[in-house]
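Chemist: Provided below are the primary sequence and the corresponding predicted coordinates.
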Amino acid sequence: MNRSWRRRAWLALSAIVLILVVLFTAADAWARIGGGQSFGGGGGGSRGGGSSSNGGEIELVFFLIQLCIEVPMIGIPLTMLVVLFAGFHYWDKSKSKTHMVYDHGQTAAPPPAKPRRSGLTKLREADRGFSMPVLLDFLILVHRRATAATATQEWAPLAPFVSEEARAVLSKTWAGSKEVRDICVGSTDLRAVRKRGGRFELVVRFESTRFVDSRHLYVVEDWTLARDASASSLAPEAVMRMGCPSCGAAVETTPMGACTTCDSPITKGQLQWQVTGVSIVERRAAQPPQLGAHSGGVEPSARMPTRFDPGLGHELRKLRARHPDFVMDAFEQRVRDVYLILQQAWSDNAESAIRPFVTDPLFQTLRFWIEGYKRAKLQNRLDRVQMGQLQIVKVEVDAWYESVTVRLFGSMVDSTVDASGKVVGGNAKVERRFSEYWTFVRASASGGLVHDTLHCPSCGAPLDQVSAAGICGYCDTKITTGHHDWVLSRIDQCETYRG
């Protein structure tokens, strides 16, 4: 009797575990450039992770049948639960098909866009010099320097940018570290903007990897930054120089927190964003890309409704007023050219071919993944790459930059092969169709014309001598800042894009 009940209990537990596995890890795995790979590894090299679930579903059916026979009081309710869940799941999928976009088809009417976050709107209204591209580059720079300082303890140059409280938390969190190197920020998510009293606050989530002594770590952190509500953003060059926010001199402060050069108080967020709080969300060993299979076909991303920014029309008129020579068709052609070039470069594990077309932060992320594939002696091979419909969904025009976000629909055969050419992940036969949001930026002073994608926008030479720093080897001009032409700054998946 005891053995019989143990067997029934084991069956019940196995069925419950299997149900959970099938229901919550049934997403197909895919990679491709910007394809949502888990930045720290261990995510299946994909947005969803996991592998094809057909085998698990069949096994689940047999388990439920056996459980209904041997332990009906458990098996029958569980079977009903699974049937209800499956029915809702497929009903929801069929309903979402009304939003599917085909290469030559039409989209359903877009849903009402969510309103802009009120805190960000207030910040823009209070600070006419605010620029999102500049802010994101600044955040990554502060994160990198503050993270490096946890080993060196050289905090003095960071006094205007990292508060004493935040320094103490960082030093305690990483106490005992002798060296922090190869800091690579894979994701910077502005999660909240709010005004509290006389200060604005930002909450930013960073996903990054770094070597701490001999350990290669993946870290997710939430950082809070604050600045006086009356402060105005500095010019991009001054922001990235990270000198005194008042006079630009190298940071040296008095015991009272004033700049020794201009005597301005600078260590309490009076003039520039300052980190006031840090919390670790996750910390673990970074792992190499893991492999999964997928069945091809249409990803859920291609079925999701498009998020159009409510201010799209107004911002597009501002862009055209600033640049009467701007031609949308030429911009869209550049997007298509860059898309095809980057997919080929990714497939070839050729980070140098990616460099001319992306900003510094995005290049860091893409290089991280390419180097991971190289170390594992793998290649994410993309064949029959095509790009279908393209939709302009958001335009932002500020004092320093313009940015245009497009939703693109593409397809490709996506597989991962080892050094011998054997397929070890993905699907080398069935085409995969998907959708993503790509954001391109350009400096406002660059003019409206779009240059030849295959040549340096500064000197016209081929793009075969561009350094990892984004500098053309023929004219020594940095061409990846957006000061010459549109460069790609972000790739967002439909599931996570918030507009």
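Modeler: That came through fine.

Chemist: and stretch 352-370, how far apart are its ends?
Modeler: End-to-end span of stretch 352-370 (CA to CA, to the nearest Å): 11 Å.

Chemist: avg pLDDT for that stretch?
Modeler: Averaging pLDDT along stretch 352-370 gives 89.

Chemist: and if you look at stretch 456-473?
Modeler: In this model, stretch 456-473 has an average pLDDT of 92.

Chemist: off-centre distance for that stretch?
Modeler: Averaging C-alpha positions (CA atoms, centre = their mean, to the nearest Å) puts stretch 456-473 26 Å from its chain's average.

Chemist: for the residue most central in space within the chain, which non-adjacent residue is closest in space?
Modeler: With the centre of the chain defined as its mean C-alpha position, the nearest residue by CA atoms, centre = their mean is Ser187, 4.6 Å away. Once flanking residues are discounted, Ser187 sits nearest to Glu207: 3.9 Å by CB to CB, 6 or more residues apart in numbering. Where C-beta positions appear, they are placed from N, C-alpha and C, glycine not excepted.

Chemist: His373: neighbour count?
Modeler: Quick fix: residue 373 is Tyr, not His. Neighbourhood size, Tyr373 [other CB atoms under 10 Å]: 19.

Chemist: now swap in Ser420 and tell me
Modeler: 7.

Chemist: surely it is in a strand?
Modeler: No - counting by DSSP: H, G, I helix; E, B strand; the rest coil, Ser420 is not part of a strand but coil.

Chemist: and it, how close does it get to Asp476?
Modeler: Distance of Ser420 to Asp476, given as CB to CB, to the nearest Å: 42 Å.

Chemist: re earlier: for Thr496, see how far away the residue nearest to Ser187 is.
Modeler: Glu207 is 12 Å from Thr496, by CB to CB.

Chemist: neighbour count: these two, which is higher?
Modeler: Neighbours were counted for Glu207 and for Thr496 using other CB under 10 Å; Glu207 has more, 20 against 11.

Chemist: which secondary structure elements does the helix or strand encompassing the residue nearest to the centre of the chain sit against?
Modeler: In this assignment (DSSP states H and E), Ser187 forms part of strand 180-196. Packing contacts for strand 180-196, counted by 3 or more CB pairs under 8 Å, 6 or more residues apart in numbering; DSSP states H and E, involve helix 118-126, helix 132-152, strand 199-212, helix 360-375.

Chemist: so what are the sheet partners of the third one and their directions?
Modeler: Put plainly, it is strand 199-212. Partners of strand 199-212 in the sheet, by DSSP bridges, are strand 180-196 (antiparallel), strand 215-228 (antiparallel).

Chemist: now the shortest one: how far from the chain's centre is it?
Modeler: Looking back up the chat, that one is strand 215-228. Remark: strand 215-228 is offset 15 Å from the chain centroid, using CA atoms, centre = their mean.

Chemist: just stretch 404-417 next, same as before
Modeler: Relative to its chain's centre, stretch 404-417 lies at 15 Å (CA atoms, centre = their mean).

Chemist: same question for stretch 313-328.
Modeler: Here stretch 313-328 is found 27 Å from its chain centre; the criterion is CA atoms, centre = their mean.

Chemist: hang on, isn't Val180 packed against Gln153?
Modeler: No - counting by CB atoms under 8 Å, Val180 sits too far from Gln153 to count as a contact (11.1 Å).

Chemist: domain map for the protein?
Modeler: 2-99, 131-285, 297-493 (automatic domain parsing).

Chemist: cool, thanks, signing off.
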